[in-house]
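1. take a look and give me a structure for this.
(one chain, ligands or ions: 2)
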Amino acid sequence: MEFVHGSYEKGRTIAAIATPPGEGGISVIRISGNEALTVADKLFSGNVYSYKTHTAHLGKVLDPKGFVIDEALLLVMLGNKSFTGEDTVEIQCHGGRLITQKILQTVLSFGASPALAGEFSFKAYMNDKIDLTQAEAIQDLISAKNGYAMKTAKEQLLGSLKDLVNSFQAELVEIAAVLEAWVDYPEEGLDFMGATDMYASLKNTLSSMKHLRDTFHDGHIIKDGISLCLVGLPNAGKSSLLNALLKKDRAIVTEIEGTTRDVLEEDLTLGNLNFRLIDTAGIRKTQELVEKEGIKRSEKAYQSADIILFVIDLELGFCEKALALYKNLPKNKTILVFNKNDSKQKKAITTNHTRNVFISAKNKTGLLELKEEIFSLLWEGGTPPTEEILLTNSRHFHALSSAIMHLENVLLALETNNSPEIICLDIKDALKQLGSISGTDITEDVLGAIFSKFCVGK
Ligand SMILES: Nc1nc2c(ncn2[C@@H]2O[C@H](COP(=O)(O)OP(=O)(O)OP(=O)(O)O)[C@@H](O)[C@H]2O)c(=O)[nH]1
Ligand SMILES: [Mg+2]
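-> Ligands and ions are numbered 1, 2, ... in the order given. Reported below is the predicted structural model:
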């Protein structure tokens, strides 16, 4: 990441188009850095230096030869009061691709440098306007695919995760101070340092950290969506169910066994959550080359899926072949979907499996029950969590899990009277992990990887 490795310069004046490319009502060109006002003053008809912070001004945008490019609104946000923490000017012009490009070219010709991906947010992070969790939340908010993901990203952007992680850090710093004192004055003994209080406080912090870690299950589902894989014998009605759930004629359905050869994926929204619905080739023994490859892919798809919908043809019932396939499925993430409930030839079913639904993909009955079953597999009670702070980012999850592991070592070491030096090392490692979440202790490589995912202009 260029601006992280070396060339980042506080105050460097950067510019970019902040709106998506193409035609629209308006476009926004953003300029930020020490020279933002100087650049804006050169191209704007009004006296930019006289503008107060957070004010808007209508005027003409002029090219270097003084020709009018557009009539535009200029917004001024000064110094620490801006998003980046540096002087910022935003030009709202008409949303044409050419006009926007022309204004950007003019801005660059007056001395601004083209912004790199995420550089505005990186400025905000470097100038302590936001921490790393908030920077990551910006991207999550932009790419949120459902209402829950949007709410969680908004909470994170407002600083809920930052505050929580900061509170963990503060508590651990106090504990570390007691332990350091113990290293320096071992003859005083830990009891003298208030060991009982420290032990209780450590346990408390650890339990709050574990609580946060455990929200990742829900956070991950909300942010990244859930993969739902349709599995079964040929002709069970998997493709018919896919079409019924999608409410469109997406997959080919015939009475010929082995119709679906390839793995087919489609997005589906259910109850405000995002699902990836995966149809697979019916599983059976075959020598046919293409079908064989399809079956291999089906097996791979269901093994990595979050939820398996095992579709069973009620006309065949839980036959031997179906039972053989069922044996290989991970039971805790499988729902048995008994299809063709409309058929007069349906068989009676007995099973010990707890999650069963009877449907007719043909008549579209039982689909609501199926949805409820999916939700109850995801969440006890069938409704998404109401928790305010959810961990949605796997980077945060891994860092927090590692911090927890180090603190568990500390607890164990305290119980077994291990040497204070070793205990101190573990608590420092835990703090380092928490610092990597908030960005107070992070390598440039990780920073580069995070900000390079941002768009230019953000
Ligand atoms: N009566 C009845 N027939 C159904 C129902 N669902 C599917 N079928 C029929 O079952 C046959 C197979 O349906 P598909 O959806 O192609 O089955 P599949 O599991 O995708 O089959 P493969 O792709 O071969 O693995 C078709 O003739 C469908 O019309 C249902 O709910 N009721
Ligand atoms: Mg099919």
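2. gap between the residue of the stretch 351-458 of the chain found nearest ligand 2 and Thr13?
-> Nearest to ligand 2, among the residues of the stretch 351-458 of the chain, is Ala361, at 10.7 Å (Cβ to the ion). All C-beta atoms are positioned from the backbone trio N, CA, C, and that covers glycine. Using Cβ to Cβ, to the nearest Å, Ala361 is found at 60 Å from Thr13.
3. try Val183
-> Distance of Val183 to Thr13, given as Cβ to Cβ: 48 Å.
4. before we move on, the earlier item: check what pLDDT the residue of the stretch 351-458 of the chain closest to ligand 2 gets.
-> On pLDDT, Ala361 comes in at 98.
5. repeat for the one 10 residues further on
-> According to the model's per-residue confidence, Lys371 sits at a pLDDT of 95.
6. check Glu291 too.
-> pLDDT recorded at Glu291 is 84.
7. contacts only, for Asn418.
-> Listed by Cβ atoms under 8 Å, 6 or more residues apart in numbering, the contact set of Asn418 reads Leu412.
8. how about the residues of the protein near ligand 1?
-> For the chain, the residues found near ligand 1 under the criterion Cβ under 6 Å from any ligand atom are 232, 234-240, 253-255, 257-260, 281-282, 339-340, 342-343, 360-362.
9. enumerate every residue touching Ser82.
-> Counting by Cβ under 8 Å, 6+ apart, Ser82 touches 32, 53, 88.
10. and the residue of the stretch 151-300 of the chain found nearest ligand 1, which helix or strand is it part of?
-> Proximity to ligand 1, evaluated over the stretch 151-300 of the chain using Cβ to the nearest ligand atom, is greatest for Gly282 at 2.5 Å. Take DSSP states H and E as the rule and Gly282 turns out to sit in neither a helix nor a strand.
11. same deal with Leu98?
-> For Leu98, the element it lies in under DSSP H and E is helix 97-109.
12. quick one: name whatever helix or strand follows that helix.
-> Past helix 97-109, heading to the C-terminal end, the next element that is a helix or strand (DSSP H and E) is strand 113-114.
13. list the contacts for the closest residue to Val311 other than its chain neighbours?
-> Nearest non-adjacent residue to Val311, counting by Cβ to Cβ, 6 or more residues apart in numbering: Gly232, 3.8 Å away. Under the criterion of Cβ under 8 Å, 6+ apart, the neighbours of Gly232 are 238, 282-283, 310-313, 322, 325.
14. pLDDT check: weakest of these?
-> When it comes to pLDDT, Ile283 is the least confident member of the contacts of Gly232, at 87.
15. next, count neighbours for it.
-> By the measure other Cβ atoms under 10 Å, the count of residues near Ile283 is 22.
16. just checking, it touches Arg297?
-> No. Ile283 sits out of contact with Arg297 when judged by Cβ atoms under 8 Å, with a separation of 10.8 Å.
17. that older thread, so the residue of the stretch 351-458 of the chain closest to ligand 2 sits against Asp342, correct?
-> No. Proximity of Ala361 to Asp342 does not meet the contact threshold set by Cβ under 8 Å, at 9.3 Å.
18. need the buried ones from the residues of the chain next to ligand 1 selected in ChimeraX.
-> Here is the ChimeraX command that selects only those of those that count as buried (16 or more other Cβ atoms under 10 Å):
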select :232,234,235,236,237,238,239,240,253,258,259,260,281,282,339,340,360,361,362
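19. which ones among the residues of the chain next to ligand 1 are found in helices?
-> In helices, judged by DSSP state H, the following of the residues of the chain next to ligand 1 are found: 238-240.
20. sketch out the low-pLDDT regions of the stretch 51-200 of the chain for me.
-> With pLDDT under 70 as the threshold, the stretch 51-200 of the chain has low-confidence stretches at 187-194.
21. show me where it has strands.
-> Assignment of strands within the stretch 51-200 of the chain using DSSP state E, counting those that start in this stretch yields the ranges 55-62, 68-77, 88-95, 113-114.
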